[in-house]
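Undergrad: starting from these lines, generate the structure:
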Amino acid sequence: MKKLGTYIVDFLLCLVLPPAGVLKIAHRQNKRRQELVRGGQKVLMVAVAMFIVVSILRNDETMLKNPFFYAYGAAGLMGVFFGVRMILQGQRYKKYETTVKTFQVYTAFEIGEKIKLPQETVIKDLVAMLEGGFFADYTYDSADRTLRRSEEAMAKVPSAAVVCQSCGASVTVYEGRRNRCEYCGSALNYEG
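TA: As a prediction, this is how the structure comes out:
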């Protein structure tokens, strides 16, 4: 019932103050960071509705003198801008998520190399993604510029103690992760 009320308020706001209505819808859809592409598509649909209204009204000479005609046009342009921006950002975030999960790369440098972006851009995007709910099981270590699994998530991942073949140290390794000896840096495998 709450959603229906929200949709009615948005609809009325789009009728009375079109730019404010589009801004409100775009803002709400942008909060759902995990669903940016779908949210952007919804904002684009509102923009299309605004352009339909403008195309209907443009045939009436008296409407061309009405400020609402231009308000609907401006709202349509705003909707296109915000909708396309959200879709592109959502696709970019998905690329990060896929890269981390597929290649199991966690440093900003490695991620940047895989998706062909500068390290500073990757760091900025990772921080924004973490704040937006992406990588729920991860934290960002700014000193190492590395995406790390949170302690709660690590507790759920199968692990095993192994002896490093290079230095003889006993090290905990985790399933599904690139493991390295914390003493000598040698690559270690999880064999559970």
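
Undergrad: from here on, contacts and neighbour counts on C-alpha atoms
TA: OK.

Undergrad: domain assignment for the chain?
TA: In the domain annotation for the chain, the residue ranges read 1-99, 105-156, 158-188 (automatic domain parsing).

Undergrad: can I get those domains in a markdown table including mean neighbour count and mean pLDDT?
TA: Output for the domains of the chain, formatted as a markdown table (neighbours: other C-alpha atoms under 10 Å; pLDDT from 0 to 100):
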| stretch | mean neighbour count | mean pLDDT |
| --- | --- | --- |
| domain 1-99 | 18 | 89 |
| domain 105-156 | 16 | 87 |
| domain 158-188 | 15 | 87 |
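
Undergrad: residue ranges for the strands of the protein, please.
TA: Here the chain has its strands, by DSSP state E, at 138-141, 146-149, 159-163, 170-174, 179-180, 187-188.

Undergrad: can I get those in TSV with distance to Met50?
TA: Listed next are the strands of the chain as TSV, based on distance: least, C-alpha to C-alpha, whole Å:
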stretch	distance to Met50
strand 138-141	40
strand 146-149	42
strand 159-163	55
strand 170-174	53
strand 179-180	53
strand 187-188	57
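
Undergrad: out of those strands, the one nearest Lys65 is which?
TA: Closest to Lys65 of these, according to C-alpha to C-alpha: strand 138-141, at 54.1 Å.

Undergrad: residues contacting stretch 184-192, please?
TA: For stretch 184-192, the surrounding residues in contact (C-alpha atoms under 8 Å, 6 or more residues apart in numbering) are 158-160, 164, 166-167, 173-176, 178-181.

Undergrad: can you map out the helices along this structure?
TA: 2-16, 18-31, 36-57, 67-103, 108-115, 119-131, 151-156 (DSSP state H).

Undergrad: how about the ones you listed in TSV, adding distance to Tyr140?
TA: Conversion of the helices of the chain to TSV gives the following (distance: least, C-alpha to C-alpha, whole Å):
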stretch	distance to Tyr140
helix 2-16	34
helix 18-31	21
helix 36-57	21
helix 67-103	13
helix 108-115	10
helix 119-131	7
helix 151-156	12
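
Undergrad: Lys116: which of the strands of the chain is closest?
TA: strand 146-149 (17.1 Å).

Undergrad: name the helices or strands packed onto the closest one?
TA: strand 138-141 (3 or more C-alpha pairs under 8 Å, 6 or more residues apart in numbering; DSSP states H and E).

Undergrad: which strands and helices sit next to the strand it packs on?
TA: helix 119-131, strand 146-149.

Undergrad: return that strand as PDB; C-alpha atoms alone will do.
TA: Listed next in PDB are the C-alpha coordinates belonging to strand 138-141 (Å, rounded to 0.1, in the frame of the first residue of the first chain):
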ATOM      1  CA  TYR A 138      33.900  -6.900   1.600                       C
ATOM      2  CA  THR A 139      35.700  -3.800   3.100                       C
ATOM      3  CA  TYR A 140      38.200  -1.500   1.400                       C
ATOM      4  CA  ASP A 141      41.700  -1.300   3.000                       C
END
